[in-house]
Structures are given as C-alpha cells and as structure tokens.
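>>> Got a predicted model here, sequence first, then my questions.
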Amino acid sequence: MATNDGQLLPLGTLTFQLRPPIVLATTPSGTRWIVEVETGRIEGDRLQARIETGHANADWFLIGPDQTGTVDARVLAETHDGASVFLQYNGRVDLSVPNAPIYIAPRFETGDERYRWLNHVQAVGKGTLDDRALTYRLYEFA
C-alpha cells in the first residue's frame, strides 16, 4: 500500500506591521491581546496582495497561564488585480522561550474565479516577531 506523506510547497511570505496591542488582563481565558494590523502584504509566485487598516484585520491573541500563546487571526487581503481574499489562521507560540517561532495553519476563502484554487489550500507557516513587524513564511501542504 502506497502512502503519500505530502510535501510543503512554497506559497509566499506574509508580512505585517502591527499596532500596539489592546491588552485585557486576567480574563477568564487568560490575558487577551487584540493586535490590529496597520499594513501588510502577501508576496508569492501565485499570490500577491496587500492588507490595509480598516477591514477588521486583527489577531485575538490569547496568553494562557503556562505562557502558551494562541493565535486567532482574521485578515482581508486585496490581490494586485483586485480580488478579495479572506485569510483566517490559528496557531501557537511558546512564550516561555525568548524569540520562539510562531506556528500557524492558514486557510483562504474567495469567490473570485482567478483565485478559487486558494479555497482548496491548507497552508502552514512559521513566523517571527521583531518589535511590531511580523513575518511568516507560508507553505501549501500538498
């Protein structure tokens, strides 16, 4: 019986400039940071898009008592040729480790025929945060 373990195909780079977080300390779930996107871009061979303020682009980040950070982000992007693409991703980061990578699992949604292929993509990403600049390398799991 043959198995297909899959492969990771480069999808692009997702970059954000972030606003300072809105912090809700000691909520029942932990410490909540609402981090809004100031600007952003997706740059890849098959996908180029921009992300701007004013479209409810944010991460509803949660920090648990064990310093596990849980990513819960939603972003609306506009491609270079005018298509709207919704990007939602969840992920984790170990905040007890300095400069720990952030791991995410993005999904895309669009009704634009040119980008419908994105509706079938399960992506994975690994990111770094430097001050308020967030950069993810995205890969399509195929």
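Here it is on my side, so go on.
>>> Please make it C-alpha for all contacts and neighbour counts, starting now.
Noted.
>>> where does this structure dip in pLDDT?
Where the chain drops to pLDDT under 70, the residues are 1-3.
>>> For the residue nearest the centre of it, give me phi and psi.
Note on the chain: the residue nearest the mean C-alpha position is residue 89, at 5.1 Å, using C-alpha atoms, centre = their mean. Main-chain dihedrals, residue 89, degrees, to the nearest 10: phi -150, psi 150.
>>> and residue 91, what is it in contact with?
Listed by C-alpha atoms under 8 Å, 6 or more residues apart in numbering, the contact set of residue 91 reads 70-72, 102-105.
>>> Which helix or which strand is home to it?
Taking DSSP states H and E as the definition, one finds residue 91 inside strand 84-94.
>>> immediately after that strand, which helix or strand?
strand 102-109.
>>> about what we covered before: ok, and the most crowded of the contacts of residue 91?
When neighbours are counted by other C-alpha atoms under 10 Å, residue 104 leads the contacts of residue 91 with 24 neighbours.
>>> if we can go back for a sec, what's the angle from the strand holding residue 91 to strand 102-109?
Taking axes from the mean of the first three to the mean of the last three C-alpha atoms, to 10 degrees, one finds that strand 84-94 is oriented at 160 degrees with respect to strand 102-109.
>>> How far does strand 84-94 sit from its chain's centre?
Centre-to-centre, strand 84-94 and its host chain are 3 Å apart (C-alpha atoms, centre = their mean, to the nearest Å).
>>> Pairing partners for that strand, with directions?
Sheet pairing of strand 84-94 (DSSP bridges) gives strand 68-79 (antiparallel), strand 102-109 (antiparallel).
>>> quick one: which of the contacts of residue 91 is nearest residue 111?
For the contacts of residue 91, the closest approach to residue 111 (C-alpha to C-alpha) belongs to residue 105, at 20.7 Å.
>>> Right, I'll call it a day here.
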